[in-house]
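# here is the input, now give the coordinates:
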Amino acid sequence: MVAVSALWLPIILAAVIVFFASFILHMVLTYHRSDYGRLPEEDKIGAAIRDAGVQPGLYMFPYTTHAEMKSPEAQERFKRGPVGTMNVRPSGPVAMGKYLAQWFVYCFVVSFFTAYATGITLAAGTQYLVVFRVAGTVAFMTYGLSQLANGIWKGEPWSMVMKEVIDGLIYGLLTAGTFGWLWPK
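Below is the predicted model:
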């Protein structure tokens with residue numbers, strides 16, 4: 001067993017490496033540029049949302065309660081469409097600094113729990129590939145497999161979900177390599 005306190009260097013370094021790798025995957029490479037599409041008549045739809053007084057939040061449409069779900073009226077609304085979810089953020093410029101800070105904290109938390117799970121599983125001096133496998137599995141499950149729920153429950157296009165799973169695999173491999181490299185001897 002290795003205490004988390006002995007793993008601060010790989011925790012921090014893995015978070016930093018994943019943070020910069022995500023920059024490369026999202027800003028330098030172009031394969032994420034097709035993830036989001038433009039709404040037809042975006043100005044009209046935006047005006048309708050503003051005029052309706054929609055506040056920041058997550059919305060589902062058509063909205064029904066569990067009890068209403070099977071009613072003929074609700075079924076007709078679903079047939080007529082559109083059916084979807086909508087995430088409305090506060091108005092104003094994109095708060096990229098805030099989002100990047102939150103992403104780094106997330107990377108740090110993933111690295112911390114990867115250290116915890118790997119540390120309670122393996123001893124100091126464990127071979128690189130063994131550490132790599134355990135840390136990589138934990139990190140991939142968090143970064144990659146967690147994305148599958150977005151395709152299942154939120155209706156995100158599977159092409160986008162699979163790109164996020166591939167990103168998660170890359171992040172998991174980078175985390176695994178960092179932990180294997182800096183694992184206590």
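# any chance you could map the helices in the chain?
Using DSSP state H, the helices found in the chain span residues 8-23, 42-51, 72-80, 96-121, 128-143, 148-153, 158-182.
# so can I have a markdown table of the ones you listed showing distance to Met1?
Every residue, glycine included, has its C-beta placed from N, CA and C. A markdown table is the format used below for the helices of the chain (distance: least, CB to CB, whole Å):
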| stretch | distance to Met1 |
| --- | --- |
| helix 8-23 | 16 |
| helix 42-51 | 53 |
| helix 72-80 | 53 |
| helix 96-121 | 6 |
| helix 128-143 | 13 |
| helix 148-153 | 31 |
| helix 158-182 | 15 |
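# mind putting the ones you listed in JSON lines, distance to Thr64 and mean neighbour count included?
JSON lines is the format used below for the helices of the chain (distance: least, CB to CB, whole Å; neighbours: other CB atoms under 10 Å):
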{"stretch": "helix 8-23", "distance to Thr64": "37", "mean neighbour count": "18"}
{"stretch": "helix 42-51", "distance to Thr64": "20", "mean neighbour count": "10"}
{"stretch": "helix 72-80", "distance to Thr64": "5", "mean neighbour count": "11"}
{"stretch": "helix 96-121", "distance to Thr64": "32", "mean neighbour count": "17"}
{"stretch": "helix 128-143", "distance to Thr64": "33", "mean neighbour count": "20"}
{"stretch": "helix 148-153", "distance to Thr64": "16", "mean neighbour count": "13"}
{"stretch": "helix 158-182", "distance to Thr64": "25", "mean neighbour count": "19"}
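# reformat those as a markdown table; add mean pLDDT.
As requested, these are exported to a markdown table (pLDDT from 0 to 100):
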| stretch | mean pLDDT |
| --- | --- |
| helix 8-23 | 98 |
| helix 42-51 | 94 |
| helix 72-80 | 93 |
| helix 96-121 | 97 |
| helix 128-143 | 98 |
| helix 148-153 | 94 |
| helix 158-182 | 97 |
